[in-house]
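1. My questions concern the predicted model and sequence given below.
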Amino acid sequence: MKILVFGSYNIDKVYSLPHLPDKGEMLYCSAMETHVGGKGLNQALALKKAGAEVIAAGMVGPDGDYLTDYLNAGGVDASAVGVCDVPTGHSIIGIDPQGRNQMILYGGANRAITEEFCDDLLARHGDADLLLTQYETGCVEYILKRAHEKGVRTAVNPSPYVDAVKELPFDCVDILILNEDEARLMTGETDEKAMLRALYETVKGTVILTLGPRGSLYYDGKETVEAKAFSVNAVDTTGAGDTFTGYCLYALLTGKTPREALTVGSAAAAIAVTQKGAAETIPDRAATEAFLSR
Ligand code: RIB
């Protein structure tokens, strides 16, 4: 199972705050940590830890070596991550005592991807079983169209959500995986089942909707499946969605039932939120299976 992750590679600066800041408020933080991150990097590692062969593709700047080293050390093939002269993307993340976050993103090198880069990537890796992407890089629309033309299945996590997401070529998307805030903005619906159906009408494929501590939903036009989340003490929810995405997708692609896929995704995400950081907190498969058999 070869998965091509076309995504973002960021340096995460994480600040522990007494609460998330109000407009105009200045806050002291009690701690500052630097972590590896980016939705592409996190999802690539989650897929790898779940069991997939993963090719990570995207762009970093001259200061991004340690992100590609981290991917390679984790068993992800990072040879399709290019280097350009724009600084590596970074995120400034504030975390409150409940583990909730607020984020400022600097796209940097992630936004410097060109159509030529995408063409070359698909010429080399057009045999992938799936292309997974998010909305933190340039050329998302382009890569989806080209991958679809080549017969590569595609999955999109439209995060972070901005209005331009609505213009994506959803006829080229097989699997849509997103959280309830993104789904509400995309559909204008507030009821979860209504969101699910509206999203299905958009992609005419598989829709997976995460609801934070309330669980997750799956709909493929025939079957609706609901799964509960696991109750844990969250310290940092950054990357929880990425962990869920990697584990859930790999399970679905390897023939697990939708319920099994939602459940393993939720278990991996539940472990991840109990520690600070994003990529470093993604559990391996053994830890996830042990958690599920408690
Ligand atoms: O989903 C979490 C990630 O979003 C962080 O690692 C941050 O870099 C942003 O990409």
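-> Okay, I see it.

2. For the residue of the stretch 1-150 of the chain found nearest the ligand, list each beta-bridge partner.
-> With Cβ to the nearest ligand atom, the shortest gap between the stretch 1-150 of the chain and the ligand falls at residue 37, namely 2.5 Å. C-beta: built from backbone N, CA, C; applies to glycine. With DSSP bridges as the criterion, residue 37 is bridged to residue 10.

3. Could you measure from it over to residue 162?
-> 19 Å (Cβ to Cβ, to the nearest Å).

4. Same check on residue 235?
-> 28 Å.

5. do the same with residue 204
-> With Cβ to Cβ as the criterion, residue 204 and residue 162 are 23 Å apart.

6. more crowded one of the two?
-> The neighbour comparison of residue 204 against residue 162 (other Cβ atoms under 10 Å) goes to residue 204, with 13 against 10.

7. Run a quick neighbour tally on the closest residue to that one other than its chain neighbours.
-> Distances taken as Cβ to Cβ, 6 or more residues apart in numbering put residue 221 closest to residue 204, at 7.2 Å, once the chain neighbours are dropped. Residues lying near residue 221 (other Cβ under 10 Å) number 13.

8. Is there any residue in stretch 108-128 that contacts the ligand?
-> No. If you take Cβ under 6 Å from any ligand atom as the test, stretch 108-128 misses the ligand, and the best it gets is 8.7 Å.

9. still on that earlier bit, regarding the residue nearest to residue 204, what is its secondary structure?
-> coil (DSSP: H, G, I helix; E, B strand; the rest coil).

10. With residue 232 instead?
-> Secondary structure state of residue 232, per three-state DSSP, is coil.

11. Please give me every residue in contact with residue 30.
-> By Cβ atoms under 8 Å, 6 or more residues apart in numbering, the contact set of residue 30 is 16, 17, 18.

12. how about 6 Å then?
-> Contacts for residue 30 (Cβ atoms under 6 Å, 6 or more residues apart in numbering) come out as residue 16.

13. Walking through this structure, point out its strands one by one.
-> Under the criterion DSSP state E, strands of the chain are mapped to 2-6, 10-16, 31-37, 53-60, 77-83, 89-95, 101-106, 130-133, 154-156, 175-179, 206-210, 216-219, 224-227.

14. Minimum distance to residue 118: which of those strands has it?
-> When these are compared by Cβ to Cβ, strand 2-6 sits nearest residue 118, at 7.7 Å.

15. what sits up against the closest one?
-> The contact list for strand 2-6 (Cβ under 6 Å, 6+ apart) reads 40, 43-44, 47, 52-57, 125, 128-133, 143.

16. redo that, cut-off 7 Å
-> Strand 2-6 has contacts (Cβ atoms under 7 Å, 6 or more residues apart in numbering) with 40, 43-44, 47, 52-58, 125, 127-133, 137, 143.

17. go on, stretch 103-117?
-> 8-9, 58-61, 64, 82, 84, 86-93, 136-139, 142, 160.

18. Please name the nearest non-neighbouring residue to the residue most central in space within the chain.
-> When Cα atoms, centre = their mean is applied to the chain, the residue found nearest the centroid is residue 242 (3.6 Å). Distances taken as Cβ to Cβ, 6+ apart place residue 42 nearest to residue 242, at 3.5 Å, with adjacent residues excluded.
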